[in-house]
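Enquirer: Quick one, structure for this:
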Amino acid sequence: MRHNKKFNHLGRTASHRSAMLSNMACSLIKHKRITTTVAKAKALKKFVEPLITKSKEDTTNSRRVVFSNLQDKIAVTELFKEISVKIADRPGGYTRIIKTGNRLGDNAEMCFIELVDYNENMAKEKVAKKATRTRRSKKAASAAVEAPATEAPKAEEPKAESAE
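Expert: Here you go, the predicted structure:
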């Protein structure tokens, strides 16, 4: 029976799975976005988010705990120096999974997994959504229709300078 055994083994032995998740976490920390399958991305999310939370406090013990999982000095340094500063006020949810469709070879479901605070496109969309009005009013619609009609584009002619 497998009561309460929810961990996805990903068809690998424990050592292979831990090495793969460690390598994927290092790549995610270094590149801020990686492409992988949805199953691996979900497993990586459960693996890397506690490490990012651990990096919020920069102590010797937290560095050792993170290094024991990642085994990469450069990734640990970048996590503690850059990423932890940027996500200091975020209470969780440091990664985002965006599905991209199926892979051609084996039809596996593919996705991006990325660090939330490092995607400028999503940040711009949030600002744009706040600026738009959700309520429809007749005044705003009529003003929008009349504004282009009243303002006709004027073609400016270049002024000829007289050299006389």
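
Enquirer: alpha carbons only for contacts and neighbour counts from here, please
Expert: Noted.

Enquirer: Mind jotting down where the strands sit in the chain?
Expert: Taking DSSP state E, the strands of the chain run over residues 33-37, 95-102, 109-115.

Enquirer: Of all those strands, which one is nearest residue 83?
Expert: strand 109-115 (9.0 Å; C-alpha to C-alpha).

Enquirer: Give the full set of residues in contact with the nearest residue to residue 85 once chain neighbours are set aside.
Expert: Leaving out its chain neighbours, the residue that sits closest to residue 85 by C-alpha to C-alpha, 6 or more residues apart in numbering is residue 56, at 7.6 Å. By C-alpha atoms under 8 Å, 6 or more residues apart in numbering, residue 56 lies in contact with 80, 84, 85, 87, 88.

Enquirer: In ChimeraX, how would I select the buried members of those?
Expert: Those of those that count as buried under 16 or more other C-alpha atoms under 10 Å are selected in ChimeraX with:
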select :80,84,87
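
Enquirer: Include pLDDT and distance to residue 20 when you put the contacts of residue 56 into a markdown table, please.
Expert: Shown next, in a markdown table, are the contacts of residue 56 (pLDDT from 0 to 100; distance: C-alpha to C-alpha, whole Å):
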| residue | pLDDT | distance to residue 20 |
| --- | --- | --- |
| 80 | 96 | 22 |
| 84 | 94 | 23 |
| 85 | 94 | 26 |
| 87 | 93 | 25 |
| 88 | 91 | 27 |
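
Enquirer: Counting only helices, which of the contacts of residue 56 make the cut?
Expert: 84, 85 (DSSP state H).

Enquirer: which residues touch residue 47?
Expert: Per C-alpha under 8 Å, 6+ apart, neighbours of residue 47: 21, 25.
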